[in-house]
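> From the sequence below, what's the structure:
(4 chains)
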There are 2 protein chains.
Amino acid sequence: MSKTPPTNPSIDDVARRAGVSTATVSRALRGLPNVASATRATVEFAAKELGYHPDPHASRLASGRASTVGVIAPYFGSWYAGQVLTGIEAVLRSEHLDFLITTISRRTEPEEFRDRFAALTRRVDGIITIDLYPSAPGLQRLIDSPVPVVSLGDELPGWSSIRVDDARVGEIAAAHLARGDNSEFAIIRGRSSGSPVEDTRVEAFTSALAEFGHHINSTNVYFETETAAGGASGARRLLDHDPRATAVFCLSDEMAIGALAHLQAKGLRTPSDISVLGVDDHELAAPMGLSTIHQPVASHGVWAAEKLLALVADPDLAVERRVVEPGLIVRSSTR
Amino acid sequence: MSKTPPTNPSIDDVARRAGVSTATVSRALRGLPNVASATRATVEFAAKELGYHPDPHASRLASGRASTVGVIAPYFGSWYAGQVLTGIEAVLRSEHLDFLITTISRRTEPEEFRDRFAALTRRVDGIITIDLYPSAPGLQRLIDSPVPVVSLGDELPGWSSIRVDDARVGEIAAAHLARGDNSEFAIIRGRSSGSPVEDTRVEAFTSALAEFGHHINSTNVYFETETAAGGASGARRLLDHDPRATAVFCLSDEMAIGALAHLQAKGLRTPSDISVLGVDDHELAAPMGLSTIHQPVASHGVWAAEKLLALVADPDLAVERRVVEPGLIVRSSTR
DNA sequence: ATGAAAGCGCTAACAG
DNA sequence: CTGTTAGCGCTTTCAT
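Numbering: from 1, shown residues only, chains lettered A, B, ... in the order given. Presented below is the predicted three-dimensional model:
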């Protein structure tokens, strides 16, 4: 039983086989101009015969280009991150780029953030951050990044970004819920302090509500982990604290689904007893009849990846801050 | 406003600064023995002062080690993949390893699979596959991989793997549902043809049911996409086709949740009118009261990553096929 | 259009 | 314990 020899063919093998120099092989295989088409064909044939694949480390060392993009997020287990990742991946793969993922928690020590970030920038051509909201020292690092950065969710001074219009999210939620003949409101939100996304949405919601003549008591804002379990817990606390509430705005569908499930388990009916509104348009929202505010998450990932590639190709590209309009989707959990 | 010079400090800069040779710097910084502790301290100090981070491409070229692990899955947007990824990431990060992710669809053309796989193996020390179930040519590629492979979900000849005991999953489901005074059963499953996971579970479920004296009609097996929307669609078809069914076994919680939501929306009560059982113990299962068969997904990722690291360190490590025992969790969706 | 040759920044023998 | 010396496999001037 003969094993394949453990050494991969090198560019020299291809050159010898094709009867040309290594430089020519390099040019031919990378599709550079100034290669006779006959030569190129010969080289490509030889490469295929040998099963040649260039060593990425060698070519990176020589060229200085990493052909790799780094993605940083606090957590890749969330629905949001998974969707974004899928969008990014599709773009990068079509460009034959590698794709390195790293979690950096929002509360990573500045020193560790510094080191991890420095190590990362050394091996990628650009970075995409997902909902990072770094603390000040980390933020500074990102701003000073030697490679281009594109952020999702928040905006970094000097870099391009994409996010949903969070103020509009709050306004849309308030308008919809206020119209529904409600008078007692509640919010279930994540506990990520310093998350501009959440704060903006909550503030916009509250002040829009005020314009409709409604007031939301600050004790009716429930801080929970950003999961379905958190949403359920928030709903339980709401029921204990203020059973008169008839409308609850959850800052993500994952939380909303948990809340909805809990409320229904307690015998409440939506929307007659209580309205529940989420944000995201999670794939479970439709089957559960959850009204929500849609944002096209996977396409955010696509945009970010494409923007980053453009930025890698042309570092002087103008900064673009894209703000996407959210859209209300009324299903059966609100009236 | 002065920009940081674009060139990173190199190992030579550190050597000069510390007054030693580059080889010594290399040894000192990698924690190799045979370095005087005073020398090491000097080198570390110099490196820190300069903000030195070794160029990974150069060190990989020189050492032949990639210090990177590749992860292949058909799709990273699923709950399952996200959880596994989280587990893998935690392990790899603690070992300072990079982490490349690639989607390879189950129906990728053999030729493309071949090329993508070859390119990947050139840049990683090992590979983890998640629920890949490759077609024959792809499978052969994986088996012949020049770098170690650890698989989740399915078993590859010659390589270690971890999966839940799928036959037990089916048996547990059958035993639980048969006990609940049901007589008319249904299955909602994914449509991934050739997925050993699903086939095994369905077969075990069916034959265990037979032992309890029950028979499931093949027209009551609904093939749907493996999402909540698919589950809802399956439930709708079930209601149309066989409204007498009182127990439905869904092959994932995501599908079960969709089914549950649809059934409840149609006015059916669980478990009095109908029982719904899932598999996974998704985080939404608890808030929704979904009975399910638990599998510790994130820890599968941890195990796979640790196994792969061990395999990279010692390629002759014995193959280990780990089969995890699933556990029934009864909540309020089954009787 | 092609070849020769000089590195890219690091690791790994081999001496000492 | 430390320094010297070759490369690792490619890309990139600079010639031709």
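> Residue ranges in the stretch 151-300 of chain A under the pLDDT threshold?
Along the stretch 151-300 of chain A, the model assigns pLDDT under 70 to residues A:193-194.
> Next to DNA strand D, which bits of it? Give me the list.
Residues of the stretch 151-300 of chain A lying close to DNA strand D (C-beta under 7 Å from any atom of the strand): none. Where C-beta positions appear, they are placed from N, C-alpha and C, glycine not excepted.
> Which parts of the stretch 151-300 of chain A are strands?
A:160-164, A:185-190, A:221-224, A:247-250, A:275-280, A:291-294 (DSSP state E, counting those that start in this stretch).
> Which neighbouring elements make contact with the fourth one?
Looking back up the chat, that one is strand A:247-250. On a contact count with 3 or more C-beta pairs under 8 Å, 6 or more residues apart in numbering or on different chains; DSSP states H and E, strand A:247-250 meets helix A:166-179, strand A:185-190, helix A:228-241, helix A:253-265, strand A:275-280.
> how about the ones you listed in a markdown table, adding distance to B:D115 and mean neighbour count?
What follows is those, written out as a markdown table (distance: least, C-beta to C-beta, whole Å; neighbours: other C-beta atoms under 10 Å in any protein chain shown):
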| stretch | distance to B:D115 | mean neighbour count |
| --- | --- | --- |
| helix A:166-179 | 42 | 22 |
| strand A:185-190 | 42 | 25 |
| helix A:228-241 | 40 | 22 |
| helix A:253-265 | 38 | 28 |
| strand A:275-280 | 36 | 28 |
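> any chance of those in CSV, plus distance to chain B?
Below are these laid out as CSV (distance: least, C-beta to the nearest C-beta, whole Å):
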stretch, distance to chain B
helix A:166-179, 21
strand A:185-190, 12
helix A:228-241, 4
helix A:253-265, 4
strand A:275-280, 13
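> And the ones you listed: which comes nearest B:T24?
strand A:185-190 (49.4 Å; C-beta to C-beta).
> packing partners for that closest one?
So strand A:185-190, by 3+ C-beta pairs under 8 Å, 6+ apart, packs with helix A:196-211, strand A:221-224, helix A:228-241, strand A:247-250, helix A:253-265.
> what's that strand in contact with?
Contact with strand A:185-190 is made by A:177, A:198, A:201-202, A:205, A:209, A:214, A:216, A:220-226, A:230-231, A:234-235, A:238, A:242, A:245-252, A:255-256, A:259, as judged by C-beta atoms under 8 Å, 6 or more residues apart in numbering or on different chains.
> could you dump that strand to CSV, C-alpha only?
Extracted in CSV, the C-alpha atoms of strand A:185-190 (Å, rounded to 0.1, in the frame of the first residue of the first chain):
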residue,chain,number,x,y,z
PHE,A,185,-45.7,49.6,28.1
ALA,A,186,-42.6,47.6,29.0
ILE,A,187,-39.2,46.9,27.4
ILE,A,188,-37.1,43.8,27.6
ARG,A,189,-33.6,44.5,26.6
GLY,A,190,-30.0,43.1,26.8
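> Break chain A down into its domains, please.
The record's domain split for chain A, according to automatic domain parsing, is A:11-63, A:68-164+A:298-327, A:166-295.
> any idea which of the ones you listed is most buried?
Mean neighbours per residue, mean count of other C-beta atoms under 10 Å in any protein chain shown, is largest over those for domain A:166-295, with a mean of 21.
> anything in stretch A:90-105 near DNA strand D?
No - using C-beta under 7 Å from any atom of the strand, stretch A:90-105 stays clear of DNA strand D, coming no nearer than 12.0 Å.
> Could you work out the end-to-end span of that stretch for me?
25 Å (C-alpha to C-alpha, to the nearest Å).
> and it, what's its mean pLDDT?
Stretch A:90-105 comes out with an average pLDDT of 87.
> is chain B contacted by that stretch?
Yes - Stretch A:90-105 reaches chain B (C-beta under 8 Å from any C-beta of the partner chain) through A:93, A:98-103.
> In helices only, show me those.
A:R93 (DSSP state H).
> Run through the residues of the stretch 1-150 of chain A sitting next to DNA strand D.
Counting by C-beta under 7 Å from any atom of the strand, the residues of the stretch 1-150 of chain A near DNA strand D are A:7-8, A:10-12, A:22-23, A:26-27, A:29-30, A:52, A:54-55, A:58-59, A:61-65.
> Same list, these, but only the ones touching chain B.
When contact is defined as C-beta under 8 Å from any C-beta, these meet chain B at A:8, A:54-55, A:58, A:61.
> ok, which of these also contact DNA strand C?
Okay, of those touching DNA strand C (C-beta under 7 Å from any atom of the strand), that's A:58, A:61.
> and which of the ones next to chain B among the residues of the stretch 1-150 of chain A next to DNA strand D is nearest B:V319?
Nearest to B:V319 among these, counting by C-beta to C-beta, is A:N8 at 24.7 Å.
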